[in-house]
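K.L.:
I'd like to go over a predicted model; first the sequence, then the structure.
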Amino acid sequence: MDLNDAICGRRSTRDFTAQAVDDQKIRRLIDAAVHAPSASNGQPWTFTVVRDQGLLNRVSDAAKVHMLATLPAGPPSDRQRMSLSDPDFQIFYHAPVLILISGITERPWVVEDCALAAENLMLAAYADGLGTCWIGYAQGYLNTAKGKDALGLPATWNPRLRRAFIEGADEDSRRRMGRGLTTEELERVLRRYPGDIGADMTRRLRS
Ligand SMILES: Cc1cc2nc3c(=O)[nH]c(=O)nc-3n(C[C@H](O)[C@H](O)[C@H](O)COP(=O)(O)O)c2cc1C
């Protein structure tokens, strides 16, 4: 798949089929992830693959309780509070596999390193016909001692584990909603310094 098609075509998937994702595909995704750049080439990541739906249900329940207890009070969180209170809401959307990306060192930029790996993984999944969604709802709980224990993460990682990044993957459930930036939208997200190259940047970005 053309890189630009993958970048523009990938969308978060929240409606998964139960079809299993085979090991070879998972390996390809992780191979794409580890090609990401990392600060000082530290590659401070690990990938935990979880297919056990019973375990994912338990992690989802515990993560919802954790999120509800830690969400800031007030209207901005009302929508999140409503979905997290719904007993039918499973934070992983019943995806057949979870890939947990953990940063395992205290190095600076470990979060950025893992996020770059996650984006590579999501784009590779899209190109391979798989849907993904980053599940931030799981991060708080999985950074607690109980959460790490639930996934059997080695105890030696515990003191150093900083962040968890989550992906679910599934076949044939990509949403194909095009999203291209109009020039106006591009202007909104493009930050320029006074005296910079102005509109010419738009042209350069597109060439
Ligand atoms: C840090 C981060 C955390 C996210 N957490 C969740 C989540 O817990 N649940 C969810 O459904 N989507 C989550 N998402 C997906 C975003 O909602 C989604 O990327 C955004 O709405 C843009 O839509 P798109 O991915 O289809 O382009 C998360 C994305 C990021 C980058």
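P.N.:
Received the coordinates, thanks.
K.L.:
from the ligand, how far off is the nearest residue to residue 18 once chain neighbours are set aside?
P.N.:
Leaving aside its sequence neighbours, residue 18 sits nearest to residue 96 (Cβ to Cβ, 6 or more residues apart in numbering; 5.8 Å). Where you see a C-beta, it was placed from the backbone N, CA and C, and this is true even at glycine. Residue 96 sits 16 Å away from the ligand, taking Cβ to the nearest ligand atom, to the nearest Å as the criterion.
K.L.:
residue 87 too?
P.N.:
In this structure, residue 87 and the ligand are separated by 17 Å, where distance is defined by Cβ to the nearest ligand atom.
K.L.:
I'd guess that residue is in a strand, am I close?
P.N.:
No: with DSSP: H, G, I helix; E, B strand; the rest coil as the criterion, residue 87 is located in coil rather than a strand.
K.L.:
neighbours of it, how many?
P.N.:
Taking other Cβ atoms under 10 Å as the neighbour definition, residue 87 ends up with a count of 7.
K.L.:
wondering if stretch 2-14 reaches the ligand at all.
P.N.:
Yes: interface with the ligand: stretch 2-14 contributes 11, 12, 14 (Cβ under 6 Å from any ligand atom).
K.L.:
distance of whichever residue of the chain sits closest to the ligand from residue 23?
P.N.:
Distances from the chain to the ligand, computed as Cβ to the nearest ligand atom, single out residue 136 as the nearest residue at 2.9 Å. Going from residue 136 to residue 23 by Cβ to Cβ, to the nearest Å gives 26 Å.
K.L.:
of these two, who's got more company?
P.N.:
residue 136 (12 against 9).
K.L.:
quick check, pLDDT for the more buried one.
P.N.:
Predicted confidence (pLDDT) at residue 136: the value is 91.
K.L.:
do the same with residue 22
P.N.:
Turning to residue 22, the model gives it a pLDDT of 85.
K.L.:
then residue 194?
P.N.:
56.
K.L.:
repeat for residue 85
P.N.:
The per-residue pLDDT reported for residue 85 equals 96.
K.L.:
surely it and residue 71 touch.
P.N.:
No: here residue 85 lies out of contact with residue 71, judged by Cβ atoms under 8 Å, at a distance of 10.7 Å.
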